[in-house]
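Engineer: no FASTA, just this:
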């Protein structure tokens, strides 16, 4: 497993180089001038020329690319055009907020999703099963922006029990609505995958043997069927958690959550090229790290998975 982990980490370098190159080229060839976005409507040619020279935007594209790679080699993500702060410092300040939101949302999705999936599988074909499956379909189909606005309307404007937006100095009440909004689709996915996987496992011979030995139905489901149905659940959880850590743009924007997603959206709106490049690269690192962690968990959950032979995901 150690050799596999080292090999995967070494692959990070060419992948990140590709991500950095594509991001750089797209941002520098697309229409739009970051300098004009900074100065607004009132400007003069001398100011524009001075700012472009300070940001090295007047240099040829290959020179800017070489400078960008040289900065990356020193682990320097550059300086924001808008705030004048180092991009890494801005990411470092905002990522803990995104991590907190992602952890809360993923906890809700895993607990509720697995519980709903197991209950639906144990009541297969019943009215409860159809109700839970239908609810999962609705959860997957529900747009995040619509659900977020609905929760704000119900729990903040009508009932007044939870704050509508903001961070609130880390108060628990402020994370409830964004966490449930972010977790809804994942909860539905986890519930559907859990139900399907458990139903596949309960027909296996080892489950029949456990029942024949007198094991109760709850023990059969939780200790035998669910344990062996974890691999597809881990896949869903890993992918969704990686996307959460990469910044839940819509959720963070709706609830004014000061995380990485909102930071990236603001950078895009203001054409803050170093901030966009740094955020995208940081997101890529997070996503690859989560995928590697999922592969390692595979081997822990199911020893039959041979990581050294590339048999996992």
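Structural biologist: Noted; the coordinates are in hand. Quantities reported herein were computed from a predicted structural model and do not represent experimental measurements. Numbering: from 1, shown residues only.

Engineer: ramachandran angles for residue 86?
Structural biologist: Torsion angles at residue 86 (phi, psi; degrees, to the nearest 10) stand at phi -60, psi 140.

Engineer: that one reaches residue 79, doesn't it?
Structural biologist: Yes. Between residue 86 and residue 79 there is a contact at 5.7 Å, judged by C-beta atoms under 8 Å. Every residue, glycine included, has its C-beta placed from N, CA and C.

Engineer: okay, those two: which has more neighbours?
Structural biologist: A side-by-side neighbour count of residue 86 and residue 79, using other C-beta atoms under 10 Å, places residue 79 first with 20 against 16.

Engineer: pLDDT score for that one?
Structural biologist: In the predicted model, residue 79 carries a pLDDT score of 89.

Engineer: do the one 4 residues further on as well
Structural biologist: According to the predicted model, the pLDDT of residue 83 comes to 85.

Engineer: leaving out chain neighbours, which residue sits closest to it?
Structural biologist: Ranked by C-beta to C-beta, 6 or more residues apart in numbering and with sequence neighbours excluded, the top spatial neighbour of residue 83 is residue 90, at 6.9 Å.

Engineer: burial count for the one you found?
Structural biologist: As a burial measure, the neighbour count of residue 90 was computed by other C-beta under 10 Å and equals 23.

Engineer: per-residue confidence for the nearest residue to residue 202 once chain neighbours are set aside?
Structural biologist: Leaving aside its sequence neighbours, residue 202 sits nearest to residue 225 (C-beta to C-beta, 6+ apart; 5.0 Å). Residue 225 is assigned a predicted lDDT (pLDDT) of 72.

Engineer: mind checking how far residue 225 is from residue 141?
Structural biologist: When distance is defined by C-beta to C-beta, to the nearest Å, residue 225 is 28 Å away from residue 141.

Engineer: give me the more crowded residue out of these two.
Structural biologist: Taking residue 225 and residue 141 together and counting by other C-beta under 10 Å, residue 225 has the greater number of neighbours (24 against 9).

Engineer: any idea which helix or strand of the protein has the worst average confidence?
Structural biologist: Of all the helices and strands that make up the chain, helix 217-219 has the lowest average by mean pLDDT, DSSP states H and E, namely a mean of 68.

Engineer: that helix: what's the following helix or strand?
Structural biologist: Past helix 217-219, further along toward the C-terminus, the next helix or strand under DSSP states H and E is helix 226-228.

Engineer: how about that following helix: buried residues?
Structural biologist: Judged by neighbour count (16 or more other C-beta atoms under 10 Å), helix 226-228 contains these buried residues: 226, 228.

Engineer: stretch 53-70 now?
Structural biologist: Under the neighbour-count criterion of 16+ other C-beta under 10 Å, stretch 53-70 has 55, 57, 64-65, 68 buried.

Engineer: with stretch 35-49 instead?
Structural biologist: Going by neighbour count (16+ other C-beta under 10 Å), the buried part of stretch 35-49 is 35, 38, 48.

Engineer: closest one of those to residue 236?
Structural biologist: Distance to residue 236 across the buried residues of stretch 35-49 (C-beta to C-beta) is lowest for residue 38, with 41.8 Å.

Engineer: need the contact list for the closest one.
Structural biologist: 51, 81-82, 270 (C-beta atoms under 8 Å, 6 or more residues apart in numbering).

Engineer: now swap in residue 255 and tell me
Structural biologist: 148, 152, 164-166, 177-178, 181.

Engineer: any idea how far residue 21 is from it?
Structural biologist: Taking C-beta to C-beta as the criterion, residue 255 is separated from residue 21 by 34 Å.

Engineer: next one: residue 76
Structural biologist: Residue 76 is 17 Å from residue 21, where distance means C-beta to C-beta.

Engineer: ditto for residue 159
Structural biologist: With distances defined as C-beta to C-beta, the gap from residue 159 to residue 21 amounts to 50 Å.

Engineer: same check on residue 89?
Structural biologist: Summarising the geometry, the distance separating residue 89 from residue 21, computed by C-beta to C-beta, is 24 Å.

Engineer: equivalent analysis for residue 269, please.
Structural biologist: Relative to residue 21, residue 269 is positioned 24 Å away (criterion: C-beta to C-beta).

Engineer: now do residue 83
Structural biologist: Between residue 83 and residue 21 the distance, using C-beta to C-beta, works out to 25 Å.
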